[in-house]
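Visitor: just a sequence and a predicted model for now, questions to come.
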Amino acid sequence: MPENIIDLLKKNNDYYSGAKISAELGITRAAVWKKVIALRKKGFIIDALPSKGYRLVKSPDLSADYIKSAVKGGLWKDIFVYDLVSSTNELAMSLATKENLRADTVIIADSQKKGKGRLGRIWISPPGRNIYMSIAFNPGLDTRDATMLTLLTAVACAHAVKNISGLPVSIKWPNDLILSGKKLGGILTEIRADIDKVNLAVIGIGINVNMGREDFTDEIRSIATSIKEESGKDCSRNELVIEVLRQIEHFYNMLINLGKYPLLNEWKILSSTLGKSVKVVMGDETLIGLAEDIDDNGMLILKLDSGLRRQISAGDVTLLR
Ligand code: BTN
């Protein structure tokens with residue numbers, strides 16, 4: 001049974017009669033009209049012709065209704081879209097604490113006042129351009145496997161961008177999405193865990209979608225890029241969010257059903273780090289060596305010039321050649 005008018009109108013590119021909609025949704029035709037008006041207020045452009053019915057002309061660029069109708073029946077329990085938040089990660093964490101936010105809920109914002117990056121950095125989050133989303137997840141994972149969530153999300157995002165735009169995204173350890181050698185996006189996972197079990201994971205995803213050169217700050221202009229910059233075309237944020245959620249669900253099922261090795265393999269295929277000479281900065285310590293592999297927990301195995309190997313759990317990696 002379709003849940004809403006958007007589902008029905010999306011399935012039919014042409015006009016769909018008010019009578020059919022009212023019969024299929026089990027509501028009166030007056031109620032259909034009221035819902036259409038409410039959807040128009042949310043930014044949907046819906047044509048109405050008395051003789052023919054309704055036709056969906058355009059959906060808002062970032063719409064919870066549109067995204068929900070595309071991913072319903074899957075893993076995701078609820079999806080919220082906000083205009084402006086402090087940080088989607090912070091909001092997801094605080095809602096999970098105060099209001100028992102259900103697991104597998106997605107929080108998306110058009111912009112963030114204090115977007116958080118890794119290692120305490122700021123994530124530039126202007127409105128109308130990009131994807132900033134956080135997933136509150138109860139993954140039922142052992143705490144030692146928590147990093148798998150970040151690797152999984154990076155793999156899912158790389159596939160999603162490729163499927164939507166055709167662009168070949170690679171992953172720089174641990175979780176940077178890379179296009180043409182520049183940063184396209186990143187992932188920030190925050191967890192609440194006991195010694196042995198992850199109780200709540202908030203996976204934050206930032207992807208530069210329709211940023212132009214001029215939108216980047218001077219500081220990151222030469223090292224960051226966007227889908228639009230690389231493809232020369234605008235990219236639908238709705239479709240990209242939908243594909244990211246589908247891919248996360250796909251790779252999560254892979255992890256649960258087949259264990260972590262197929263996923264680690266996917267990560268290695270997409271990696272732009274392994275086999276390269278790299279510099280790793282970890283606080284005050286800087287190491288140079290060969291990024292040889294990742295271990296079963298997603299840690300980077302760095303082979304130093306001395307032949308010694310170091311296992312790196314967190315740090316900033318620069319490719320040297
Ligand atoms: C990185 O530094 O590479 C990670 C960036 C993660 C940014 C995203 S945007 C949505 C979510 N909310 C935040 O405050 N940060 C993450």
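Guide: Sure thing, it's come through.
Visitor: CA atoms for contacts and neighbours, from now on please.
Guide: Noted.
Visitor: how about stretch 154-173: buried residues?
Guide: For stretch 154-173, burial by neighbour count (16 or more other C-alpha atoms under 10 Å) applies to 154-162, 164-165, 167, 169-173.
Visitor: quickly check: that stretch near the ligand or not.
Guide: No. Judged by C-alpha under 6 Å from any ligand atom, stretch 154-173 makes no contact with the ligand; its nearest approach is 10.1 Å.
Visitor: hmm, the longest strand anywhere in the chain in reach of the ligand?
Guide: The residue-count maximum for a strand in the chain (DSSP state E) belongs to strand 182-193. Yes. Strand 182-193 reaches the ligand (C-alpha under 6 Å from any ligand atom) through 186-188.
Visitor: how far off centre is stretch 39-57?
Guide: 29 Å (C-alpha atoms, centre = their mean, to the nearest Å).
Visitor: hmm, back to that, can you put the residues of strand 182-193 next to the ligand in JSON lines and add pLDDT, neighbour count and distance to residue 309?
Guide: JSON lines is the format used below for the residues of strand 182-193 next to the ligand (pLDDT from 0 to 100; neighbours: other C-alpha atoms under 10 Å; distance: C-alpha to C-alpha, whole Å):
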{"residue": "186", "pLDDT": "97", "neighbour count": "24", "distance to residue 309": "27"}
{"residue": "187", "pLDDT": "97", "neighbour count": "25", "distance to residue 309": "26"}
{"residue": "188", "pLDDT": "96", "neighbour count": "19", "distance to residue 309": "27"}
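Visitor: circling back: quick check: next helix or strand after the longest strand of the chain?
Guide: Helices and strands here follow DSSP states H and E; after strand 182-193, the next one along the chain is strand 198-207.
Visitor: about what we covered before: now the longest strand of the chain: buried residues?
Guide: Applying 16+ other C-alpha under 10 Å to strand 182-193 flags 182-191, 193 as buried.
Visitor: what of stretch 53-70?
Guide: Buried residues in stretch 53-70 (16+ other C-alpha under 10 Å): 53-56, 59-70.
Visitor: and the stretch 1-150 of the chain, which residues reach the ligand?
Guide: 87-89, 115-118, 123, 132-134.
Visitor: ChimeraX command for the buried members of these?
Guide: Listed next is the ChimeraX selection for buried residues among those, using 16+ other C-alpha under 10 Å:
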select :87,88,89,115,116,117,123,132,133,134
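Visitor: nearest to residue 215 among the residues of the stretch 1-150 of the chain next to the ligand?
Guide: Closest to residue 215 out of those is residue 123 (13.1 Å), distances taken as C-alpha to C-alpha.
Visitor: for residue 191, what are its contacts?
Guide: Applying C-alpha atoms under 8 Å, 6 or more residues apart in numbering, we find residue 191 in contact with 146, 198-202.
Visitor: what angle sits between the longest strand of the chain and strand 198-207?
Guide: For strand 182-193 against strand 198-207, the angle by axes from the mean of the first three to the mean of the last three C-alpha atoms, to 10 degrees is 160 degrees.
Visitor: tell me how many other residues crowd residue 293.
Guide: Residue 293: 18 surrounding residues under other C-alpha atoms under 10 Å.
Visitor: my bad, should have said residue 254
Guide: That count, for residue 254 with other C-alpha under 10 Å as the rule, works out to 16.
Visitor: likewise for residue 218?
Guide: Count around residue 218 with other C-alpha under 10 Å applied: 10.
Visitor: which residue is nearest the middle of the protein?
Guide: residue 205 (4.5 Å; C-alpha atoms, centre = their mean).
Visitor: for residue 116, see how far away that one is.
Guide: 10 Å (C-alpha to C-alpha, to the nearest Å).
Visitor: who touches both of these two?
Guide: With C-alpha under 8 Å, 6+ apart as the test, residue 205 and residue 116 both reach residue 188.
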